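In: I'd like to go over a predicted model; first the sequence, then the structure.
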Amino acid sequence: MNYQLLLEYYSSGTNFTLQEIDLLDIELYSQLESIKVSSSQGCLEVAPDHISKACSVCRGSLWITCLAAVLDKIKPPSLGTQARGSKVFDELIKNGYLAID
């Protein structure tokens, strides 16, 4: 099952199993690595509004941002560890997908 489908289930109120959470964590790492070499990744597309809302991110957010936000919420980073959402933001800027004025 892919992460987008899992986020669809999450948006409808379904909770993740521990195995699904681990899978999503691995998927996020994989997506972060893939955006370094290709801009045609699905995770760089804008997620539907209902997904953004369920993930508590702004409308128009990318799939990868939604994924990171959900993981930060259901499996918060340990003290002193950078949040996944922050890592995603840093990588998006570093790889030229977001610009800071």
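Out: Perfect, I can see it now.

In: determine the longest helix present in the chain.
Out: For the chain, the longest helix by residue count, based on DSSP state H, is helix 18-34.

In: packing partners of the helix or strand just after that one?
Out: Per DSSP states H and E, the first helix or strand lying C-terminal to helix 18-34 is helix 49-54. Contacting helix 49-54 under the criterion 3 or more CB pairs under 8 Å, 6 or more residues apart in numbering; DSSP states H and E are the following elements: helix 3-11, helix 63-74. Every residue, glycine included, has its C-beta placed from N, CA and C.

In: per-residue confidence averaged over helix 49-54?
Out: The average pLDDT for helix 49-54 rounds to 97.

In: same check on stretch 62-76?
Out: 96.

In: so what touches it?
Out: 3-4, 7, 10, 16, 21, 24-25, 27-28, 31-32, 35, 41-47, 51-52, 55-57, 61, 83-85, 87-89, 92 (CB atoms under 8 Å, 6 or more residues apart in numbering).

In: with stretch 20-40 instead?
Out: 1-3, 6, 16, 41, 43-44, 64, 67-68, 70-71, 74-75, 84, 87-88, 91-92, 95, 97.

In: buried subset of the contacts of stretch 62-76?
Out: Burial by neighbour count, 16 or more other CB atoms under 10 Å: within the contacts of stretch 62-76 this picks out 3-4, 7, 10, 16, 21, 24, 27-28, 31-32, 35, 41, 43-44, 47, 51-52, 55, 57, 61, 84-85, 87-88, 92.

In: the longest helix of the chain vs helix 63-74, what angle?
Out: Interaxial angle of helix 18-34 relative to helix 63-74 (axes from the mean of the first three to the mean of the last three CA atoms, to 10 degrees): 140 degrees.

In: chain center to helix 18-34: distance?
Out: Mean-position distance between helix 18-34 and its chain equals 9 Å (CA atoms, centre = their mean, to the nearest Å).

In: so for that helix, mean pLDDT?
Out: So the average pLDDT for helix 18-34 ends up being 95.
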